[in-house]
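Visitor: let me see the structure of the following:
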Amino acid sequence: MIQQTAPMTLLELVDRIKEKSNDTLLSTISANGGKAEIKSIAPLETAGHGDVAFLANSKYRDAAAACKATALVLTEEDKQAIWGEKEPERIVVITRNPYAWFAYALQIIFPQEQPEPGVDTRAVVEDGAVIDSTATVEAGVVIRKGAQVGPYCFVGANSVIGEGVVLGEHTRIYPNVTIYYGWRQTQYHSLRCRDWRRRFRICAFGQTIREDSADRCG
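Guide: Below you'll find the model as predicted:
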């Protein structure tokens, strides 16, 4: 179950990310930005008031510069490339790894209850597949030979995990997703599918992007 948390200030969000990352992911908020209210997370092109957006790919600097989010998360290098020596006339959060920052922020703003671990009796697990004892595999799932499902992973109903696919720790696969041969995913990612007949690739937590536009990610 996913339930959005109540709005929080940007400073509160930054502090919780610091705590959740065991002080490994530090952030600097621009002047007077700490009290800004954050309600949600959104992509660069659609973010608006109350949203936080992030820039993890430098080729989308133009989109970041035009972004309407309340706060924009990016590296010092990207900030310098967009605004030069001038201070941005907007709230920014500077961090060394905006992608990781976004992953932690998503966990905080949209916390998920961890389901009971185990493999449903109606799932099909081929010989040679490895499923961690803490993972959850729902009914109708097919896990092909050689696939690996890591600790605390969740694989939703009727999904197919292809041969040789590796799901890292805490990966979340929503229902009706097919992941093809050899796809590897590191920890803390989510993948959902809006149309089970189409192949999708992931660019960031909770975002679904068609294969032909998979790199259109902040």
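Visitor: distance of residue 168 from residue 149?
Guide: Here residue 168 is placed at a distance of 10 Å from residue 149 (Cβ to Cβ, to the nearest Å). To be clear about C-beta, it is placed using only N, CA and C from the backbone, and glycine gets the same treatment.
Visitor: who's more crowded, those two?
Guide: The residue with more neighbours, out of residue 168 and residue 149 and counting by other Cβ atoms under 10 Å, is residue 149; that gives 27 against 17.
Visitor: pLDDT weak spots in the chain?
Guide: 1-4, 182-218 (pLDDT under 70).
Visitor: I'd like to know how many residues surround residue 29.
Guide: Residue 29, neighbours per other Cβ under 10 Å, totals 21.
Visitor: my guess is it contacts residue 13. True?
Guide: No. Between residue 29 and residue 13 no contact is recorded; they are 9.6 Å apart, counting by Cβ atoms under 8 Å.
Visitor: list the residues that contact residue 88.
Guide: Residues in contact with residue 88, defined by Cβ atoms under 8 Å, 6 or more residues apart in numbering, are 30, 72, 79, 82.
Visitor: now those in TSV, with distance to residue 104 and secondary structure?
Guide: What follows is the contacts of residue 88, written out as TSV (distance: Cβ to Cβ, whole Å; DSSP: H, G, I helix; E, B strand; the rest coil):
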residue	distance to residue 104	secondary structure
30	19	coil
72	16	strand
79	20	helix
82	23	helix
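Visitor: quick one: which of the residues you listed is nearest residue 58?
Guide: residue 82 (9.7 Å; Cβ to Cβ).
Visitor: residue 137: which of the contacts of residue 88 is nearest?
Guide: Out of those, the member with the shortest distance to residue 137 (by Cβ to Cβ) is residue 72, at 37.8 Å.
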